[in-house]
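Student: Take this sequence and fold it.
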Amino acid sequence: MYNSLSDEDYSKIIYDLKDDHKELIYFLYLRDFTTNQLAALRNQSDRNIRGVRSTILGQIEKKVLMILVDRQEEDFPFTNGNLTMEELDFLTRHEEEIPATLEKLNKEKLALLKEIGVVVRRITREQEKRAKEEAKKCKKNNRANRKKEV
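Tutor: Residues are numbered from 1 along each chain as shown. Next up is the predicted model:
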């Protein structure tokens, strides 16, 4: 299902869903089942199906909003260089949530940068440790070679 989406970010949203949620999206939106039909198929109540659908759509909306706000902030190149009408409409409908979303994005970016810094420092320490070990080996080999020459 996620492979059919042309936008990589949107595809990742679907890919990251739980299998159970992917199945629900598939039957409700691709196979056009009613919630009653899906409830009967899954041996669940119609009310439960509607509740799960609402939860999933809310999660997807939050992730789409983060993607669009991030793209706007980063001046990300969109298809045809602009947002689609649907994306503009989506941003307009969620305009009140944009400041909080920007704050969340900035926190996530800062956390990611800190994590990258930790990894870089760890790699640097490992490289320094290996370089010292190699230097010790070279010194030891040089001493052994000198003793052989004498």
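
Student: pLDDT value on Asp89, please?
Tutor: Looking at Asp89, its pLDDT stands at 89.

Student: now swap in Tyr26 and tell me
Tutor: 93.

Student: count of neighbours near it?
Tutor: Other residues within reach of Tyr26, judged by other Cβ atoms under 10 Å, total 14. (Glycine included, C-beta is placed from N, CA and C.)

Student: roughly how far apart are it and Ile56?
Tutor: Using Cβ to Cβ, to the nearest Å, Tyr26 is found at 12 Å from Ile56.

Student: and what of Glu128?
Tutor: Glu128 sits 48 Å away from Ile56, going by Cβ to Cβ.

Student: ditto for Ile14
Tutor: Distance from Ile14 to Ile56, by Cβ to Cβ: 10 Å.

Student: shared neighbours, these two?
Tutor: Ile25 (Cβ atoms under 8 Å, 6 or more residues apart in numbering).

Student: Domain-wise, how is this structure divided?
Tutor: As assigned by automatic domain parsing, the chain contains the domains 2-93, 98-150.

Student: which of the ones you listed is buried the deepest?
Tutor: By mean neighbour count, with neighbours taken as mean count of other Cβ atoms under 10 Å, domain 2-93 ranks first of those at a mean of 14.

Student: What is the distance between it and the centre of its chain?
Tutor: 14 Å (Cα atoms, centre = their mean, to the nearest Å).

Student: can you map out the helices along this structure?
Tutor: Assigned helices in the chain, in chain order: 8-15, 19-25, 35-42, 46-74, 85-93, 98-149 (criterion: DSSP state H).

Student: and the fourth one, what's its mean pLDDT?
Tutor: Along helix 46-74, the predicted confidence averages to a pLDDT of 91.

Student: That helix - contacts with which helices or strands?
Tutor: Helix 46-74 sits against helix 8-15, helix 19-25, helix 35-42, helix 85-93, helix 98-149, with contacts defined as 3 or more Cβ pairs under 8 Å, 6 or more residues apart in numbering; DSSP states H and E.
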